[in-house]
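**Q** the sequence and its predicted three-dimensional model are supplied below.
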Amino acid sequence: MAAITAAMVGELRAKTDAPMMECKKALTEADGDMAKAEEILRVKLGSKASKAASRITAEGVVAAYISGGKGALVEVNCETDFVTKNEDFLALANNCAKLVAENNPSDIAALSALPLDGGKTVEEVRSALVGKIGENMSIRRFKRFETGSKLVSYLHGTRIGVMVEFDGADEQVGKDVAMHIAAMKPVALSSDQVPADLIEKERSVANLKAAESGKPADIVTKMVEGSVQKYLKEVSLLNQTFVKNDKQTVEQMLKATNTTVKAFVMYIVGEGIEKKQDDFAAEVAAQVAAAKQA
């Protein structure tokens, strides 16, 4: 049996970027043969990535990139909040935002096929990172802008991201709007742009509440319509009360500053993803049992 030295482990880690213990195990299994150890790691980490692929990714980060009238907002997900602090994971998210802005991929598959620095594709980098860290990761969604107007982004930490396309002389107004969106979370620019399914959902809830009042049908109809109109004002950006001045709506503030918001997008990490509720005690017990069997 060949002696496995720290230098050998370090060399294999430099070549594969795999965890130190995985490198040592691979070298031991390969009896010190570096090439064979690399192949073992490829198989093991590939298997690790494959097993991780079915796990829910409801944590993650939002990354933004703007340059020369082109911009992009991207959400990249992982399994735990711990990974969102990893430099390689953050670099992947930021690189994806830049690639989207500069290359205009049609979808996630097209983005995944684009090359990053060093020649590897986004998918190859993602897969290698899954193998290295041991968590599933996925590029969930992106929105690209290309415009002759102005673009501004706002990131609230890494969990909420906003990008706004606007016309106006004052850059700060655009930034204020982006921060307002992150705080108040409108679903559309104006009330007539609120998605029909959201309106119907609100109307259904309003109907149920109004029906319980026992009032005549014509009054119930008015109550429902009033609730729907109130909802539309609450979720449309232009109708919302401006967070920095509660005496103005956003629309009034924009008019006073001669600014026009043309479009916006907001991503909240994990929004709409059903998180798995783990039994932590059961998980620990399962890991202990597996260790004993090994």
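**A** Looks like it arrived, so ask away.
**Q** if I look at Asp117, how far off is Ala63?
**A** 16 Å (C-beta to C-beta, to the nearest Å). Heads up, the C-betas are built off the backbone N, CA and C, glycines and all.
**Q** okay, these two: which has more neighbours?
**A** Each of Asp117 and Ala63 has its neighbours counted (other C-beta atoms under 10 Å); Ala63 has more, 26 against 8.
**Q** the more buried one in helix, strand or coil?
**A** Reduced to three states with DSSP: H, G, I helix; E, B strand; the rest coil, the structure at Ala63 is strand.
**Q** OK, contacts around it?
**A** For Ala63, the contacting residues are Leu73, Val74, Val76, Leu90, Ala93, Asn94, Cys96, Ala97, Leu155, Thr158, Gly161, by C-beta atoms under 8 Å, 6 or more residues apart in numbering.
**Q** tell me the domain ranges of this structure?
**A** The record's domain parsing of the chain by automatic domain parsing lists 6-52, 59-184+262-268, 191-255.
**Q** JSON lines please, covering these and showing mean pLDDT.
**A** What follows is the domains of the chain, written out as JSON lines (pLDDT from 0 to 100):
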{"stretch": "domain 6-52", "mean pLDDT": "75"}
{"stretch": "domain 59-184+262-268", "mean pLDDT": "94"}
{"stretch": "domain 191-255", "mean pLDDT": "89"}
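**Q** ranking these by burial, who's on top?
**A** domain 59-184+262-268 (a mean of 19; mean count of other C-beta atoms under 10 Å).
**Q** measure that domain end to end?
**A** With C-alpha to C-alpha, to the nearest Å as the measure, the ends of domain 59-184+262-268 fall 10 Å from one another.
**Q** where along the chain do the strands fall?
**A** Ranges of strands within the chain are 59-67, 70-78, 137-146, 150-156, 160-167, 260-268, based on DSSP state E.
**Q** of those strands, which is nearest Ala109?
**A** Ala109 lies closest to strand 137-146 among those, at 9.8 Å (C-beta to C-beta).
**Q** partners of that closest one in the sheet?
**A** Listed by DSSP bridges, the sheet partners of strand 137-146 and their directions read strand 70-78 (antiparallel).
**Q** if I pick the residue nearest to the spatial centre of the chain, what's in contact with it?
**A** The residue at the geometric middle of the chain, judged as the C-alpha nearest the mean C-alpha position with C-alpha atoms, centre = their mean, is Glu75 (2.4 Å). Taking C-beta under 8 Å, 6+ apart as the contact definition, Glu75 lies against Gly60, Val61, Val62, Ile139, Arg140, Arg141, Phe142, Gly161, Tyr267, Val269.
**Q** which one is the second one nearest to, not counting chain neighbours?
**A** So the one you mean is Val61. Thr158 (3.9 Å; C-beta to C-beta, 6 or more residues apart in numbering).
**Q** the one you found reaches Ile268, doesn't it?
**A** No - using C-beta atoms under 8 Å, Thr158 is not in contact with Ile268, being 11.2 Å away.
**Q** joint contacts of those two?
**A** Counting by C-beta under 8 Å, 6+ apart, the contacts common to Thr158 and Ile268 are Val62.
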